[in-house]
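Chemist: when you get a sec, could you give me coordinates for this:
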Amino acid sequence: MQQEFEITGMHCGGCVSRVTKALKAVADDVTVTLDPPRAVFGEPVDPDAVRAAVAKAGDYAVRPLG
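Modeler: Residues are numbered from 1 along each chain as shown. Just a heads-up that it's a prediction; the model follows:
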């Protein structure tokens, strides 16, 4: 089951790299894109863990989709 999150505050490839690195600590199966600004996990994850990881990466906000 995939889980998707909208990530606001990403503006460039560097942002995508920082967020991806942070989210790899939550789950190995994650893809982060800039357009649209999303993180897609291929496995169930804890939304609070996603928020905490992204907050450590920078000034980004996360909202679950779906």
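
Chemist: okay, CA-based contacts and neighbour counts for the rest of this
Modeler: Fine.

Chemist: need the three-state assignment for the residue most central in space within the chain.
Modeler: Centroid-nearest residue in the chain, with C-alpha atoms, centre = their mean: residue 39, separated by 4.0 Å. Secondary structure for residue 39, judged by DSSP: H, G, I helix; E, B strand; the rest coil, is strand.

Chemist: same check on residue 22?
Modeler: Residue 22 is classified as helix under three-state DSSP.

Chemist: now do the contacts for it.
Modeler: Neighbour list for residue 22: 53-54, 56-57 [criterion: C-alpha atoms under 8 Å, 6 or more residues apart in numbering].

Chemist: okay, it and residue 13: tell me how far apart.
Modeler: Distance from residue 22 to residue 13, counting by C-alpha to C-alpha, to the nearest Å: 14 Å.

Chemist: one more: residue 43?
Modeler: From residue 43 to residue 13 the distance is 24 Å (C-alpha to C-alpha).

Chemist: same question, residue 50
Modeler: From residue 50 across to residue 13, the span is 19 Å (C-alpha to C-alpha).

Chemist: with residue 54 instead?
Modeler: 15 Å.

Chemist: what about those two, which has more around it?
Modeler: residue 54 (21 against 11; other C-alpha atoms under 10 Å).

Chemist: ramachandran angles for that one?
Modeler: Note on residue 54: its backbone torsions stand at phi -70, psi -40 [degrees, to the nearest 10].

Chemist: now do the strands in the protein.
Modeler: Per DSSP state E, the chain carries strands over the ranges 3-8, 30-33, 38-41, 61-65.

Chemist: surely residue 23 touches residue 31?
Modeler: No - using C-alpha atoms under 8 Å, residue 23 is not in contact with residue 31, being 9.0 Å away.

Chemist: can you count the residues close to residue 6?
Modeler: 17.

Chemist: ok, it touching residue 35?
Modeler: No - the pair residue 6 / residue 35 is not scored as a contact, 10.6 Å apart, by C-alpha under 8 Å.

Chemist: what sits against residue 2?
Modeler: The contact partners of residue 2, by C-alpha under 8 Å, 6+ apart, come to 40-44.
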